[in-house]
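[1] what follows is a protein structure lacking sequence information:
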């Protein structure tokens, strides 16, 4: 296996990881602050992707498409929180699961009614297309490098928001004692709406960015949602740092596991069997990683100890 191929796969894992972070960061904020299990978070990812595809088709601008994705997902998230989620805070987790699962069906069928059942495609802008030559004669797509840089910048900005701003202080306080910050005069309902809209906007942005390298279609958010839950379990509920580290671990494990396990099995069996078995084991690797982390640290890598 060549060094170039390994380097390319590491970059692919990094790109996959930072996109998972955008999904998981919003989910862990919502889960950590509100104590809410939001299965509809993947639908907001889908809404962002469809909004970006629609805006790009009308305007031809990728930047406007990203702004449209952020806006549509944030508005959808705020409306969901105001109309549905707000009635679920006092309910148990089963009620939350059932209600947000119903939202998945509503969003999926509503999107299918508006856009149809056929996939849409969001083109990579000309100035981000093509490849860049990296050290070691590695040719890597420019757009994927931009995704990595954008994801890391957003992670840094979100970290500053949580640690250095008044809103961030309120969010962190809300994770620990929401009754106390409400007693101190913080409008807890407004805070919840802002957190939900922020988490939704991050999910929508992730959908738009990934939509340019994959097809935009109904139901595209559910597989990513499962991985996002794995990420926050590994990183620790409510931890942005944990979401980033967990996302990178999942991204690297998923990407590198696939190629290395196949190559390893080729030493013992024929290529077709090695590919089949290796891919199956690789798909389980992230769940094995999650199990190992939970055995070692039941609250996740950066989660608060019970």
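    Perfect, I can see it now. Nothing here was measured: the structure is a model prediction, and the numbers come from that model.

[2] low-confidence ranges in this structure?
    Residues of the chain meeting the criterion pLDDT under 70: 1, 174-178, 304-306.

[3] for it, which helix is longest?
    Longest helix of the chain, by residue count under DSSP state H: helix 3-34.

[4] and that one, what other elements does it pack with?
    Applying 3 or more CB pairs under 8 Å, 6 or more residues apart in numbering; DSSP states H and E, we find helix 3-34 packed against helix 41-59, strand 138-141, helix 142-164, helix 166-176, helix 188-211, helix 221-235, helix 240-265. From N, CA and C alone the C-beta is placed, and that goes for glycine too.

[5] just send those back as TSV, with distance to residue 298 too.
    Listed next are those as TSV, based on distance: least, CB to CB, whole Å:
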stretch	distance to residue 298
helix 41-59	23
strand 138-141	38
helix 142-164	24
helix 166-176	18
helix 188-211	24
helix 221-235	10
helix 240-265	13
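
[6] of these, which is nearest residue 107?
    helix 41-59 (3.8 Å; CB to CB).

[7] mind listing residues that contact the helix or strand following that closest one?
    Where DSSP states H and E defines the elements, the next helix or strand beyond helix 41-59 is helix 62-83. Applying CB atoms under 8 Å, 6 or more residues apart in numbering, the external contacts of helix 62-83 come out as 40, 44-45, 47-49, 51-56, 59, 103, 122-125, 128, 192-193, 196-201, 203-205, 207-209, 212.

[8] can you give me the buried ones in helix 62-83?
    62, 65-70, 72-78, 80-81 (16 or more other CB atoms under 10 Å).

[9] gap between that helix and the chain center?
    Averaging C-alpha positions (CA atoms, centre = their mean, to the nearest Å) puts helix 62-83 15 Å from its chain's average.

[10] that one vs helix 142-164, what angle?
    40 degrees (axes from the mean of the first three to the mean of the last three CA atoms, to 10 degrees).

[11] now the helix or strand following helix 62-83: buried residues?
    Per DSSP H and E, the first helix or strand lying C-terminal to helix 62-83 is helix 93-115. Neighbour counts over helix 93-115 (16+ other CB under 10 Å) mark 96, 99-100, 103-104, 107-108, 111, 115 as buried.

[12] in ChimeraX, select just the buried ones from the contacts of helix 62-83.
    Selection of buried members from these for ChimeraX, criterion 16+ other CB under 10 Å:
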select :40,44,45,47,48,49,51,52,53,54,55,56,103,122,124,125,192,193,196,197,198,199,200,201,203,204,205,207,208,209,212
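
[13] give me the neighbour count for residue 8.
    Neighbourhood size, residue 8 [other CB atoms under 10 Å]: 19.

[14] quick one: it and residue 136 touch, right?
    No: counting by CB atoms under 8 Å, residue 8 does not reach residue 136; the two are 10.2 Å apart.

[15] any idea which of the helices and strands packed on helix 3-34 gets closest to residue 293?
    Residue 293 lies closest, by CB to CB, to one member of the helices and strands packed on helix 3-34: helix 221-235, at 5.0 Å.

[16] please report how far the residue nearest to residue 293 when sequence neighbours are not counted lies from residue 296.
    The shortest distance from residue 293 to any non-neighbouring residue, by CB to CB, 6 or more residues apart in numbering, is to residue 234 (5.0 Å). According to CB to CB, to the nearest Å, residue 234 and residue 296 sit 11 Å apart.

[17] who has more neighbours, these two?
    Each of residue 234 and residue 296 has its neighbours counted (other CB under 10 Å); residue 234 has more, 28 against 9.
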